[in-house]
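J.: turn this into a structure:
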Amino acid sequence: MIMNQSAKPNICKQAHTSKEHDDLCTEAVESIARQLSTAEPDLLVARTTVLAQFARLAPDAFKLKSNILMALLVKKLLMVPSPADPVHGAIILCTKDDNLLICDAVG
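T.: Residues are numbered from 1 along each chain as shown. Prediction:
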C-alpha cells in the first residue's frame, strides 16, 4: 500500500482525540516491534516499511522503541552476509593499496 504524505497509518486514523491517537500509534509500533525478531523475510520487509511510515508520520510513537528497533533492523537486514551473484557466481574482493580501495570480481 502506498501512502501519500498527508496520510496517517490506518490504526492512527481511528482515534478521536490526540491522546487516543498517540496511544493507538504506540500500541501499533510496540506490536510490530514484538513480532519483528521472528518475522520471515517477506514480513520483515513489510513491517519495516510500516515502521518507516510511523517514524515519518507518528514520530513520538516510533521514538519510544527506536533504539531497540534500529539495533534489531541493523542486525537482521544489514549485518547478514550477502550471497554471491547467482547469475555470475562472482565474489567481490577488495584490497587497500596506497590508500585506495581496489575491488575485483573473483570467480
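J.: going by C-alpha atoms from here, please, whenever you check contacts or count neighbours.
T.: Will do.
J.: tell me the buried residues in the one helix or strand residue 43 maps to?
T.: Under the criterion of DSSP states H and E, residue 43 resides in helix 41-57. By 16 or more other C-alpha atoms under 10 Å, the buried positions in helix 41-57 come out as 44, 47, 48, 50, 51, 53, 54, 55, 57.
J.: so how far is residue 61 from the residue nearest to residue 64 when sequence neighbours are not counted?
T.: Spatially, and ignoring its direct neighbours in sequence, residue 64 is nearest to residue 26 (7.8 Å; C-alpha to C-alpha, 6 or more residues apart in numbering). To residue 61, residue 26 is 4 Å away according to C-alpha to C-alpha, to the nearest Å.
J.: repeat for residue 70
T.: To residue 61, residue 70 is 14 Å away according to C-alpha to C-alpha.
J.: buried ones in the helix or strand hosting the residue nearest to residue 64?
T.: Remark: residue 26 resides in helix 18-36, with elements defined by DSSP H and E. Residues of helix 18-36 classed as buried under the neighbour-count rule (16+ other C-alpha under 10 Å) are 21, 22, 24, 25, 26, 28, 29, 30, 32, 33, 36.
J.: low-scoring pLDDT stretches of the protein, where are they?
T.: The model of the chain has pLDDT under 70 over residues 1-16, 82-93, 97-107.
J.: quick one on the thing from earlier: how about the contacts made by the residue nearest to residue 64?
T.: Contacts here follow C-alpha atoms under 8 Å, 6 or more residues apart in numbering; on that basis residue 26 touches 61, 62, 64.
J.: do I have it right that the first one meets residue 54?
T.: It refers to residue 61. Yes: if you go by C-alpha atoms under 8 Å, residue 61 and residue 54 touch, sitting 7.3 Å apart.
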